[in-house]
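1. Have a look; sequence and predicted model below, questions after that.
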Amino acid sequence: MDSFFNTAEAPRLDGALPDQVSGARRSDGLHETVAFGTNPGALRMLTYVPEKLAKNPALVVVLHGCTQTAEGYDKGAGWSKLAERGGFVLLYPEQRRSNNAHGCFNWFVGGDTERGSGEVASIHEMITAAIAKHGIDQRRVFICGLSAGGAMAGAMLATYPETFKAGAILAGLPFGAASTTSEALESMYSGRLKAAKSWGDLVRGASDHTGPWPAVAVWHGTADSTVKPINAGEIIKQWTDVHGLVTAPEEERIGDITRRQWRDTSGKVRVLDYSVPGMAHGTPIEGLGQADDGALGPFFLAAGLWSSLRIAQDWGLFDKDGHPRKSRRFSFLGLEL
């Protein structure tokens, strides 16, 4: 049966403050765009455009975690390496310390997670600007994020669901899990339990959208003490309810990692769960030598699997052997586009 996600195991591949001038290329290959909209959330917009841009390229939005920068996250997660191979564009929204002292996206602040306001509106403006500038295929816009960035990726999927085909939430939290700092800490360290329908209603109430809904993948380490793994289960409850998924998941192993997938009534995978045994809080990478200079910042953890590549494969940007898939052969929901 056709599915949105590619189910093959991922192969192993080798894998500062922004400039204040719009379009300036930084040493890390990222460009900053200053004028992209009203920017109500006061975020920075950074993009990575490969030397060989594919025709009708995809767009991947990547949200860093707390204490991280766009540059640091790209270095560790390796998304720009994949963009060079696949010819797609990267968008890196970056938080300002004036918005959050720890550099976290404000996933628990109502004014930043409501459609048309704050940080989610800024990120949506960036996406709109990138689509117009780079000729993005609007059928292939994706988002992923780590920790607070993962929670904000979930907020984007809930508030602007029509924008995305799929998203990946790494060590994140359900949309609507908190509306105050104390609730955020409770959610992170203890988890907040709700019925699946209650979680789903929060997503359905975040916009006027009635479907189809973006596919969602959840990644979490079983030893995460910063954002407890119970949050992964609540995210899954939220999005399986949104998609109306009632059948039991299929389960398989990728090395030591447990992978579960939920299919809709037509057989297409709509929700995925990657549970990484013994892993603490962070982004799974193949090994600690993944960066070109062998040095990685915090929250990049060796798991024997390059999560960025696996996510890109699940989205259909690469095939099971790690080769880029051309846009004209991109298969979504069983249709060749």
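-> All right, it came through fine. Numbers count the residues shown, from 1 in each chain.

2. Around the closest residue to A215 other than its chain neighbours, count how many other residues there are.
-> In space, and not counting its chain neighbours, A215 is closest to A166: 4.1 Å by C-beta to C-beta, 6 or more residues apart in numbering. Yep, even glycine has a C-beta here, placed from its N, CA and C like the rest. Residues near A166, counting by other C-beta atoms under 10 Å, number 24.

3. What separation do you get for A166 and G145?
-> The gap separating A166 from G145 is 13 Å, by C-beta to C-beta, to the nearest Å.

4. Could you tell me the per-residue confidence at R325?
-> Listed pLDDT for R325 reads 86.

5. circling back: tell me the bridge partners for the residue nearest to A215.
-> As for beta bridges, A166 partners with F142, A215 under DSSP bridges.

6. how about the strands in the stretch 101-250 of the chain?
-> Along the stretch 101-250 of the chain, the stretches classed as strands by DSSP state E, counting those that start in this stretch are 141-146, 166-170, 215-221, 250-254.

7. residue closest to the middle of the chain?
-> Nearest residue to the geometric centre of the chain (C-alpha atoms, centre = their mean): C144, 0.7 Å.

8. quick one, phi/psi of the spatially closest residue to G149 that is not a sequence neighbour?
-> Nearest residue to G149, sequence neighbours excluded (C-beta to C-beta, 6+ apart): L63, at 3.2 Å. Backbone geometry at L63, expressed as degrees, to the nearest 10, gives phi -110, psi 120.

9. Identify the residues contacting L63.
-> When contacts are counted by C-beta atoms under 8 Å, 6 or more residues apart in numbering, L63 touches 92-93, 105, 123, 143-146, 148-150, 152-153.

10. which ones are touching G150?
-> 63, 65, 144, 169-173.

11. Near the residue nearest to I257 when sequence neighbours are not counted, how many residues? Count them for me, please.
-> Distance criterion C-beta to C-beta, 6+ apart; nearest residue to I257, sequence neighbours excluded, is V276 at 5.4 Å. Residues contacting V276 under the criterion other C-beta under 10 Å number 27.

12. Adjust the sequence numbering to begin at 329 for everything that follows.
-> Will do, 329 is the new start, and the previous item becomes V604.

13. number of nearby residues for S475?
-> Burial measure for S475: 29 neighbouring residues, criterion other C-beta under 10 Å.

14. phi, psi of it?
-> phi 60, psi -120.

15. what separates the closest residue to it other than its chain neighbours from G606, distance-wise?
-> Nearest residue to S475, sequence neighbours excluded (C-beta to C-beta, 6+ apart): G393, at 3.7 Å. G393 sits 20 Å away from G606, going by C-beta to C-beta.

16. Of those two, which one has the most company?
-> G393 (31 against 10).

17. residue contacts, the more buried one?
-> Listed by C-beta under 8 Å, 6+ apart, the contact partners of G393 are 401, 432, 473-478, 499, 611, 627.
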